[in-house]
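A.B. asks: Mind folding the following:
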Amino acid sequence: MLLGRTLTINSRLLSCRLLNTTTSGDFGVGWAKNLEDETRQGLAKDPSLKEIVNYYYNKAAPLCEELSVRQVRLGSYERTMQLIRGTLGVVKPCNDNITISFGIRRENGSIETITGFRSQHSHHRTPCKGGIRFNENIDQETIQALAKVNSFTSSLVDVPFGGAKGGIRINPSEYSTRELEKITRRFTVELGKKGFIGPGIDVMGPDLGTGEQEMNWIADTYRNTLGSKDLNAYACVTGKSRLMGGIHGRISSAGKGIFLVTSEFLDNADIMKRVQLIPGIYRKKVIVQGFGNLGMHACRYFTRAGAQVVGIVEKDCSIENPEGIDPKALEDWVSETGSIRGFPGATETEKNLLFEPCDLLVPCAVEKVINCDNVGKIQAKIVVEGANCTMTPLAYEMLLKRDVLVIPDILVNSGSVCSSYFEWLKNMKHVSFGRLTFKYQREANEHLLNSVQTSIESMFNTDCTIQPSDDFIARMSGASEKDFVKSGLSYTVEGTVQDVLGIVKKEDLGLDIRQACYSLAMSKIVKTYATAGYTFT
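C.D. replies: Residues are numbered from 1 along each chain as shown. Next up, the predicted model:
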């Protein structure tokens, strides 16, 4: 039944594209069969990430055409549709892909071959932007799929980046710090030699298995090799430590993004009515999979807003507390012991908490954790995709039929994309946000208070003292760098979610938020190509 429903959706795309074969080109039987094959592959029991992303892309394409034709007009309707459909074909594959292999000498004297990948999905905006992960299970196809997701995320939140992704096929726990440094620096040099890194070309960032230290190595290597004469060299990578040009507030921004996006949906009365929840985040029961940087900060923001994190799932242990887990205390415990196991503020459990009743389920760990084998056990009212591609398309369609709200990864991950953009801007401007205005704004506010005090004393012929509130005192010097990041992220998320909900309502998509997100992101890319045109065509 689900397969038939999805094929119907994609048949609409097929009929749209074959509407004017004389103007849009002869797609032929082979093209139609390829589309049907991609749909079938996406709905398979265990699809690859590439098949997952292609499925959502194909499903969103018809609506993207409708949105684009309202914004783009190039003469006749037929010519406009020809451009839109052609551009959708251009956007689907990755523009550039590279596989790099090199040898390193390990500390035991052996020589080992290291393989790395980098994909640049779309150059509609430059630079391309995407993280680099260290993981032994990656391949070129996986990297391509994640690069495509990054393009759509950036487009969705109006960040002027194309999407990219990279990775090195290693298990970082099996290498010493010195060996990881050698691998990271050598990979950076190889990317530079092949034109896959640079502030205006391709900007990397942290991802699974990497962090500030690896980003510092990348920045330093680029600065002392290919970028030795580039004033903006440190903008070749984001996620650096603040000493190396990083930005305050970046570490928590991904978790903050999860919280902000989720809050916008929880405050929407129509959506909450569909999932049978009371609007607002207060007292909502939350279960989080993964207590790394992403999951930990998401827990902290949810708890501060009044939600209760009742369960946390990690690879070695699961813990629960019906009254709520203190994320700060758990963070301290993990810092001391390296595991959530034995945490005194919760009880260890053998139950799979992913399948326990809750209001919010937030998977922040691995891909395809929700699939056709276990989707029937999901009892959450809302699933928030903290990690990329946390469920298969078949599982997603089944959740939609049960009126379970799924907030998709390309929207939820907007926090890290926005903070990366802010750090890149800071590096390109060579000055931290607020540095030029702190003193002036503080003095201006002090003069304002003195003026008010003088006026009152003159009017009433008596002495008085103006006592500013604590909030006013904290803001007298203007916004700090962290304030800029928080404010910019909040503004971006609020506007984006409202745009998405507007499409959901207008197109009567029910709870299919993902289709609205993909369609909106794709239409913005199409509009960029339509406005700029194609070079040398």
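A.B. asks: any idea how far P127 lies from N150?
C.D. replies: Plainly put, P127 is 12 Å away from N150 if you go by Cβ to Cβ, to the nearest Å. (Each C-beta comes from the backbone N, C-alpha and C, glycine too.)
A.B. asks: between the two, which one's more packed in?
C.D. replies: N150 (29 against 20; other Cβ atoms under 10 Å).
A.B. asks: element containing the residue nearest to that one when sequence neighbours are not counted, please.
C.D. replies: If the residues on either side of it in the chain are set aside, N150 comes closest to G163, at 3.4 Å by Cβ to Cβ, 6 or more residues apart in numbering. Element membership of G163 [criterion: DSSP states H and E] is strand 162-168.
A.B. asks: follow-up on the earlier one: give the residues shared as contacts by P127 and N150.
C.D. replies: Residues touching both P127 and N150 (Cβ atoms under 8 Å, 6 or more residues apart in numbering) are F161.
A.B. asks: Let me know the average pLDDT across the strand holding G163.
C.D. replies: Model confidence over strand 162-168, given as mean pLDDT, is 95.
A.B. asks: Pull up the pairing partners for that strand, direction included.
C.D. replies: Applying DSSP bridges, strand 162-168 is found paired with strand 111-120 (antiparallel), strand 128-134 (parallel).
A.B. asks: Deepest-packed of those, please.
C.D. replies: strand 128-134 (a mean of 27; mean count of other Cβ atoms under 10 Å).
A.B. asks: who touches that one?
C.D. replies: With Cβ under 8 Å, 6+ apart as the criterion, strand 128-134 contacts 118-122, 146-147, 150, 154, 159, 161-168, 170-172, 180, 201-210, 214, 218, 238-239, 417, 420-421, 424.
A.B. asks: From these, which land in helices?
C.D. replies: If you go by DSSP state H, the contacts of strand 128-134 have L146, A147, N150, S154, L180, E214, I218, V417, S420, Y421, W424 in helices.
A.B. asks: Out of those residues, name the two that are farthest from one another.
C.D. replies: S154 and L180 (28.1 Å; Cβ to Cβ).
A.B. asks: of the two, who's got more company?
C.D. replies: A count of neighbours by other Cβ under 10 Å puts S154 above the other of S154 and L180, at 31 against 20.
A.B. asks: Show me what M204 is bridged to.
C.D. replies: Bridge pairing for M204 - DSSP bridges - gives G130, V237.
A.B. asks: Next, work out how far apart it and P160 are.
C.D. replies: On the measure of Cβ to Cβ, M204 and P160 end up 17 Å apart.
A.B. asks: Settle it for me: which of those two has more neighbours?
C.D. replies: Neighbour comparison, M204 and P160: the larger count goes to M204, with 30 against 14 (by other Cβ under 10 Å).
A.B. asks: right, and the more buried one touches Y222 too?
C.D. replies: No - counting by Cβ atoms under 8 Å, M204 stays clear of Y222, with 9.4 Å between them.
A.B. asks: Tell me where the model's unsure across the stretch 1-150 of the chain.
C.D. replies: 1-42, 44 (pLDDT under 70).
A.B. asks: Which parts of it are helices?
C.D. replies: Secondary structure of the stretch 1-150 of the chain by DSSP state H, counting those that start in this stretch: the helices cover 2-17, 21-24, 28-42, 49-71, 77-91, 140-156.
A.B. asks: helix, strand or coil for S339?
C.D. replies: coil (DSSP: H, G, I helix; E, B strand; the rest coil).
A.B. asks: Off-centre distance for the helix or strand hosting F259?
C.D. replies: In this assignment (DSSP H and E), F259 forms part of helix 250-266. The chain centre lies 10 Å from the centre of helix 250-266; the measure is Cα atoms, centre = their mean, to the nearest Å.
A.B. asks: now do stretch 296-308
C.D. replies: 19 Å.
A.B. asks: Which parts of that stretch count as buried, going by neighbours?
C.D. replies: The neighbour-count check on stretch 296-308 (16 or more other Cβ atoms under 10 Å) flags M296, H297, A298, C299, R300, Y301, F302, T303, A307, Q308 as buried.
A.B. asks: For the residue nearest to the spatial centre of the chain, which non-adjacent residue is closest in space?
C.D. replies: Closest residue to the average C-alpha location of the chain: N413 at 2.3 Å, with Cα atoms, centre = their mean. Leaving aside its sequence neighbours, N413 sits nearest to T153 (Cβ to Cβ, 6+ apart; 5.5 Å).
A.B. asks: Which strands and helices lie in contact with the host helix or strand of D270?
C.D. replies: Per DSSP H and E: D270 is located in helix 269-275. With contacts taken as 3 or more Cβ pairs under 8 Å, 6 or more residues apart in numbering; DSSP states H and E, helix 269-275 sits against strand 405-407.
A.B. asks: What strands line up against the strand it packs on, and which way round?
C.D. replies: Assessed with DSSP bridges, strand 405-407 is paired to strand 380-384 (parallel).
A.B. asks: now the strand it pairs with, how far from the centre of its chain.
C.D. replies: Distance, centroid of strand 380-384 to centroid of chain: 18 Å (Cα atoms, centre = their mean).
A.B. asks: Now that strand: average pLDDT?
C.D. replies: Per-residue scores along strand 380-384 average to 94.
A.B. asks: Give me the angle between that strand and helix 250-266.
C.D. replies: In terms of direction (axes from the mean of the first three to the mean of the last three Cα atoms, to 10 degrees), strand 380-384 departs from helix 250-266 by 140 degrees.
A.B. asks: in this structure, which helix has the most residues?
C.D. replies: helix 481-506.
A.B. asks: How far off centre is that one?
C.D. replies: Counting by Cα atoms, centre = their mean, helix 481-506 comes out at 13 Å from the chain centroid.
A.B. asks: what's the answer for stretch 465-485, then?
C.D. replies: Taking mean C-alpha positions (Cα atoms, centre = their mean), stretch 465-485 and its chain are 30 Å apart.
A.B. asks: Span of it from start to end?
C.D. replies: 34 Å (Cα to Cα, to the nearest Å).
A.B. asks: And for stretch 314-334?
C.D. replies: 12 Å.
A.B. asks: Over to stretch 456-467?
C.D. replies: Start-to-end, stretch 456-467 (Cα to Cα) is 13 Å.
A.B. asks: who's in contact with that stretch?
C.D. replies: With Cβ under 8 Å, 6+ apart, stretch 456-467 has contacts from L449, N450, V452, Q453.
A.B. asks: Now render these as CSV, adding neighbour count.
C.D. replies: Shown next, in CSV, are the contacts of stretch 456-467 (neighbours: other Cβ atoms under 10 Å):
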residue, neighbour count
L449, 15
N450, 11
V452, 12
Q453, 15
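A.B. asks: what's the closest of these to A521?
C.D. replies: L449 (46.3 Å).
A.B. asks: Next up, the contacts around that closest one.
C.D. replies: I466, P468.
A.B. asks: so it, which of the three states?
C.D. replies: helix.
A.B. asks: Would you enumerate the residues in contact with Y421?
C.D. replies: K129, V159, P160, F161.
A.B. asks: quick one, helices of the stretch 301-450 of the chain?
C.D. replies: So, for the stretch 301-450 of the chain - with DSSP H, counting those that start in this stretch - the helices run 327-337, 393-401, 409-412, 414-429, 438-460.
A.B. asks: Please identify the deepest-packed of those.
C.D. replies: helix 409-412 (a mean of 27).
A.B. asks: what is the rounded mean pLDDT of it?
C.D. replies: Per-residue scores along helix 409-412 average to 93.
A.B. asks: go on, stretch 324-337?
C.D. replies: pLDDT averaged over stretch 324-337 gives 91.
A.B. asks: Show residues contacting it.
C.D. replies: With Cβ under 8 Å, 6+ apart, stretch 324-337 has contacts from 291, 296, 299-300, 303, 308-312, 319, 340, 342-346.
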